[in-house]
Structures are given as C-alpha cells and as structure tokens.
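Participant: build me a structure from this.
(chains A, B, C and D)
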2 protein chains.
Amino acid sequence: MTGRSDLPHQDVKAEKPSGRAIVFVIDDDVSIRRSLSNLFQSVNLDVAAFGSAQEMLQGDLPEVASCLVLDVRLPGLSGLELQTELAKLNLHIPIIFITGHGDIPMSVKAMKGGAVDFLTKPYRDQELLDAVVAATERDRKRREVEKTVANLQSLYDTLSSREQAVMKLVAAGLMNKQVAAELELAEITVKIYRGRVMKKMRARTLADLIRMAETLGICANHPE
Amino acid sequence: MTGRSDLPHQDVKAEKPSGRAIVFVIDDDVSIRRSLSNLFQSVNLDVAAFGSAQEMLQGDLPEVASCLVLDVRLPGLSGLELQTELAKLNLHIPIIFITGHGDIPMSVKAMKGGAVDFLTKPYRDQELLDAVVAATERDRKRREVEKTVANLQSLYDTLSSREQAVMKLVAAGLMNKQVAAELELAEITVKIYRGRVMKKMRARTLADLIRMAETLGICANHPE
DNA sequence: TGGAGAATTATACGAATGTTTAGGCTCTCT
DNA sequence: AGAGAGCCTAAACATTCGTATAATTCTCCA
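Facilitator: Just a heads-up that it's a prediction; the model follows:
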C-alpha cells in the first residue's frame, strides 16, 4: 500500500515524485476520512487526510498534481473560508466540496471561487472520482504552465538591468538604433547586450525571444 | 424611454449601437417580465423580453454587449437546456439564472457551464443588478478580443497560400534562407512574399507579426 | 492571338543585424 | 593596491534583411 490514511503531518511528497497525484481529504469524521482514503487508494491515488483546515494549512503542499476534497462544514475554518484563505495565499489547488446540508448560494459561491465541483450527499463514488480526476488534471496543467513561466522568469532574473531594458525594447519591436536612442547608448552597445540576452535566455531566434517576453508579460510602452 | 418591454421579436440592435448593453429576459410570467424590464430600465439598460427560450432563439443576437437573465423552469426548453443549446451554437452570451425551486446539482451544472450567477428567489434587486453588470462587462471583454482576432483573421485571409506559408515559417523563427529551402523557393522570392505579408497584415515590425501569428494560433512545425 | 496578371527568379544596393577583438571606466571585495 | 565584475564604446567584418528594377514563365480571358 502506497497511500497513507488519516494521520496529519506526514511527508507525502517523498513517496512518489512521478506522474502520480495526491488527494487531500479534510473531514472531521474519522470514518469518512477512512472511507474516502480507501476509495481513492483503490484507484491508485495517494491520499493525505486531515481533521481540520488548520492541520492541512500547517503542512506544505507537494510538488505533485493534487486536489482537495473537503466538507463545507468543518470545525474551525469552514470549507468556504479555507477556499478564500488558499486564494489569499495564492495557492491554487483545485477544490471539490462535499456537503450534507448545503444550499444553493453556498454552492454558487464555491463555484464562483473556482471550485471544480460541489457534491451533495448522497453521491455516487464514481461522481467523486470523476471530479477528482478532472481536478488533478486541471492542477497538472496549471503546474505545467506555472513551471514554464517560472523557468523563464529565473532566466530573465539572471539578466542585468541594462540587459532587461534592452530585451523589453527589442521585444517591443524597436530596432537596435532606436533602442540605443531610448537608453542613450551607442548602437554597438545594444548589439552586445542583445547578443547576451539571446544567450542568457537561451533563445535561438528573435521569434523565441518575443514569445518569451509575451509569456513573461513584458511590455515596453513604445513612445511616439 | 428607450428600452422596450416584453414583446418578442423586436429589433433592439437598431436602437443604441453605442456603449449601451442589452439584457435579454426570458420568463413565462408576464408580470415578472414586466417587473424585471422595469428594474433594468431604471438603471439605463436596454431590455428585450421573451416568454420562452424558443422565441429568443429565433431572433438574432445583437452586436452589443449583452447578457441573459432567465428562469431555470421554462415552458418548452428549460434554462439549462437553453444554456447547452447556446453553447452548441457557439453563442457565448453570459447567463444569469433565477430560480424559485432549484437544487444544488442544478446550480452546479449551470455554473460549470459558465453561468455568471445563479440566484434563488427571493433575491435582492441589487444582487441581480450586480450580476448583470458583471455579466455584460464579461461579454464586452469577450467581444473585444473576439473582434481583434476576427480583424486579424480577415487580414490573414487576404494572403495568398504562399504568403500564408511564408508567414507561418517566418513567425516560427526561420530565416529567409530556411523558409526558401522549406518551400523550395529562391531566397529572393521569400523576401518578396515576406514584404507583402508585412504590408497586408499591417505589421510595422517583425515583433508585431509574431504576436499576430500567436493570437491567430499559427504554429509551424519547424522540422530538424 | 494578344494581353493582363499572377508567380517566380535575378541583379544590385542600402540598411540592419551579429560576432569578434580590443579597449576604458567605475564600483566592490579582499 | 589589486582582482574581478559590470557597464560602455570602437573598429571591422560577415551575414541577413528589405526594396527597387527587370525579366521569365504560366494561366486565364477577351
């Protein structure tokens, strides 16, 4: 058995860094935690279960695709409050809500907040599993683009301030001559920096560099 | 008074092509149609009201930012079915659901389908107005980007097949020489086409052209 | 048959780009 | 003080890009 059951604070991330996914379960009822864990483990998903939102917030989130399955009604922080809290912390783990006594405004608020699904008891196991698959898949994709952006950003951070300025203007479509005028440099200096930018950003072509600037959200306000 | 009340099949689009917005109301109850129309008109919104989904589908959608306010329970096509139908027709008008006897799965399905809000009776007028403002704003933005893309596409369509091919490869970062080899042309020919592409696409710089290719989703599978 | 109009290539030239080699300058750290 | 790093410039050269002019081939159409 790979997955764990319902003990808080375990280091799940050390188990399977491969293509697996982790499902976080939060419910104050131990028997529900156990049955959900069994359900997920039966389809080869790793599980980390907690009895309250606070317990989960204390631990770290893994670097693997994951999602959150929780009851709306929880001791301490409620499910919706946890959703708000995670959003504030910029943690975008997909959430699947489960509730026994929810109402429509509650579900609408959850969905507006980006929840993947909002299930009412009793639900069919397959419904929950489908939602979990959709959620982890969404998380996997999000992590993918986030990783790409982070890689680009780390490359961009290695540029000196001058090099960054040149990259902005070049990506905006200015000629070396214009970049030089803008930064009050000699054209030859711009050429040098431009070459260094290409090397440091590992851009083979100008098209690559422009696309990188695009995904990094780098926009120079080209004057005139 | 500019807005109309609850007569179907009126030509609303001829009224105010400016920055106004139109709210489509669908409800089988005449008095509700009337009161919703009054509410929206009181905040300077144009209204077009219908008694059933079919009546609304027969008319054309305006070129102005708009949204749809409808009851889930309707004669003939239900609200959710209308949502599905509009999605099939590739009509992305934002929808606000109102219901007196809805349940959670219904609201979740609506929200998953892209609904802006799902209100339960009784609701406060301000809630509905807020939702309508959010919806029309979303529609305005969507129309904006759609229009941009459409404009680019119409420019792209004026290119000959050769010119389109050259644009793809140039946007992919290939040099004129490589483009020529790829298309089995002389380099000078590629230069000619490239110049024509820049003119026809109204791209001042290569950066512009690459960004246009990006938003048009033009990607050449660069070999090697 | 003649011609208009494309698609394509050639020649030639000016402008822009990229790289190398070689320096000078200022700042910080040791 | 010296070493190193970052910033800036210069000269020289090869490559690439962009455009203008002219010529070839081909199809389509009157």
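
Participant: quick one: contacts for A:Leu185?
Facilitator: A:Val179 (CB atoms under 8 Å, 6 or more residues apart in numbering or on different chains). In this view, the C-beta of every residue, glycine as well, is placed from N, C-alpha and C.

Participant: before we move on, which element is A:Thr84 in?
Facilitator: helix A:79-88 (DSSP states H and E).

Participant: mean confidence score for that helix?
Facilitator: The average of the pLDDT scores along helix A:79-88 is 96.

Participant: strands paired with the helix or strand that comes right after it, and their directions?
Facilitator: Moving toward the C-terminus from helix A:79-88, the next helix or strand (DSSP H and E) is strand A:95-99. Its sheet considered, strand A:95-99 pairs with strand A:66-71 (parallel), strand A:117-120 (parallel) by DSSP bridges.

Participant: which parts of chain A sit against DNA strand C?
Facilitator: Taking CB under 7 Å from any atom of the strand as the measure of proximity, chain A contacts DNA strand C at A:175-177, A:188, A:191-192, A:194-195, A:198, A:206.

Participant: let me know whether A:Tyr156 touches A:Met201 as I believe.
Facilitator: Yes: A:Tyr156 lies in contact with A:Met201 (CB atoms under 8 Å); the separation is 7.0 Å.

Participant: overlap in contacts, the two.
Facilitator: Residues within reach of A:Tyr156 and of A:Met201 at once, by CB under 8 Å, 6+ apart, are A:167, A:212.

Participant: now the element after the helix ranked longest in chain A, going C-ward?
Facilitator: In chain A, assigned by DSSP state H, the helix with the most residues is helix A:125-157. Once helix A:125-157 ends, the next helix or strand along the chain (criterion: DSSP H and E) is helix A:161-171.

Participant: which pLDDT does the model give the residue lying farthest from the centre of chain A?
Facilitator: Distance from the centre of chain A peaks at A:Ala186, with 42.5 Å (CA atoms, centre = their mean). If you check A:Ala186, the pLDDT there is 90.

Participant: could you do A:Leu159 as well?
Facilitator: Reported pLDDT for A:Leu159: 89.

Participant: burial measure for it, as a count.
Facilitator: Residues near A:Leu159, counting by other CB atoms under 10 Å in any protein chain shown, number 17.

Participant: rewinding a little: restrict the residues of chain A next to DNA strand C to those near DNA strand D?
Facilitator: Contacts with DNA strand D within these, as defined by CB under 7 Å from any atom of the strand: A:188, A:192.

Participant: among the residues of chain A next to DNA strand C, which ones are buried?
Facilitator: Buried members of those, scored by 16 or more other CB atoms under 10 Å in any protein chain shown, are A:176, A:194, A:198, A:206.

Participant: flag the shaky bits of chain A, pLDDT-wise.
Facilitator: Applying pLDDT under 70 to chain A flags the ranges A:1-19, A:220-224.

Participant: please parse chain A into its domains.
Facilitator: A:12-147, A:158-215 (automatic domain parsing).

Participant: kindly format the C-alpha coordinates of stretch A:160-177 as CSV.
Facilitator: The C-alpha trace of stretch A:160-177 is given here as CSV (Å, rounded to 0.1, in the frame of the first residue of the first chain):
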residue,chain,number,x,y,z
SER,A,160,21.4,42.7,-15.7
SER,A,161,19.1,45.7,-15.5
ARG,A,162,20.6,47.0,-18.8
GLU,A,163,20.0,43.7,-20.5
GLN,A,164,16.4,43.6,-19.2
ALA,A,165,15.8,47.0,-20.6
VAL,A,166,17.2,46.0,-24.0
MET,A,167,15.1,42.9,-24.0
LYS,A,168,11.9,44.9,-23.3
LEU,A,169,12.6,47.3,-26.2
VAL,A,170,13.7,44.6,-28.6
ALA,A,171,10.6,42.6,-27.8
ALA,A,172,8.5,45.7,-28.4
GLY,A,173,9.9,45.7,-32.0
LEU,A,174,12.4,48.5,-31.8
MET,A,175,15.5,48.5,-34.0
ASN,A,176,18.9,48.5,-32.4
LYS,A,177,19.2,52.1,-33.4
